[in-house]
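Asker: Give me coordinates for this.
(one chain, ligands or ions: 1)
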Amino acid sequence: MEQKLIESKIQVYQMDELCVSDRQLVDKAMLATNNSYSKYSKFSVGACIRLKNGLEIIGANHENAAYPVCMCAERSALFAAGAQYPDEPVVAIAIAARNSTGEFTTEPVSPCGSCRQAMIEIEQRYHQALRILLYGTKGVYVIDSIRDIMPLSFTDDQL
Ligand code: THU
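Answerer: Predicted structure coming up:
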C-alpha cells in the first residue's frame, strides 16, 4: 500500500495587510453582497473577478423557489465575464458573504464544489492560475490557484 499526502497552501491576511489591488477586489465582493437575491437561505454572497485587462465584474447569488435553479455568486460572475469577454483570462476572484443577521461571516466563505469545478475549468481554459481571496472578518484566505483547494480534480485532460 502506498499513501499519498495532498497539501494545500493558504495564506491568511488581515485586510490592512493586503496589497491595494487585492483589498479593492475584496471590498467590491463585499459590496456585491447587496445585490444578492437570497430570499430563501438569507445568505448573501458577493463575488468580484478581475480580468487580465483590468476589468472587474461582480456577481451575487440568485435563488429561486425551485431550489436547484439557485446560482452561486462565483459562477454568476465567471459566466457573465465569459459571455462578455470570452478571450480575456480571469486572473483573480474575491468572495464575501453575509449571514441571515446581515453580518459578514467570521470564517472566510468557502466556494462550493460546483464553483470550484468551474474555477478549475477557468484555469484550464486560459492557461493561467486564478488567485482566490476569501473574506471573513477574522482574516482573508489568499490562495494562489484553485488547484490548492481542489486536488484530484477532473479536467479535460482526462476525457
Ligand atoms: N452560495 C454561493 O453563492 N457561493 C458559495 O460558494 C456557497 C453558497 C450561495 C448559494 C445559495 O444561494 C446560498 O449561498 C446558500 O447556500
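Asker: got the residue ranges for the helices in the chain?
Answerer: In the chain, the helices defined using DSSP state H lie at 20-32, 73-84, 113-126.
Asker: for the ligand, what are the nearby residues on this protein?
Answerer: For the chain, the contact set with the ligand under Cβ under 6 Å from any ligand atom comprises 38, 41, 43, 45, 61, 63, 70, 72-74, 111-112, 115. For every residue, glycine as well, the C-beta is placed using N, CA and C.
Asker: can you count the residues close to Ser21?
Answerer: 13 (other Cβ atoms under 10 Å).
Asker: any idea how far it is from Glu123?
Answerer: Applying Cβ to Cβ, to the nearest Å, the value for Ser21 to Glu123 is 19 Å.
Asker: residue contacts, the closest residue to Gln11 other than its chain neighbours?
Answerer: Nearest residue to Gln11, sequence neighbours excluded (Cβ to Cβ, 6 or more residues apart in numbering): Val142, at 4.4 Å. By Cβ atoms under 8 Å, 6 or more residues apart in numbering, Val142 lies in contact with 10-13, 18, 22, 131-133.
Asker: what's the closest of these to Asp157?
Answerer: Ile132 (21.3 Å; Cβ to Cβ).
Asker: my read: that closest one touches Arg147, true?
Answerer: No. The pair Ile132 and Arg147 fails to qualify as a contact (Cβ atoms under 8 Å) at a distance of 10.5 Å.
Asker: ok, those two, which is more surrounded?
Answerer: Comparing Ile132 with Arg147 by other Cβ under 10 Å, the one with more neighbours is Ile132, at 23 against 19.
Asker: how much space is there between the nearest residue to the more buried one once chain neighbours are set aside and Pro108?
Answerer: Residue nearest to Ile132 in three dimensions, not counting chain neighbours: Ile143, with 4.2 Å by Cβ to Cβ, 6+ apart. Computed as Cβ to Cβ, the Ile143 to Pro108 distance reads 10 Å.
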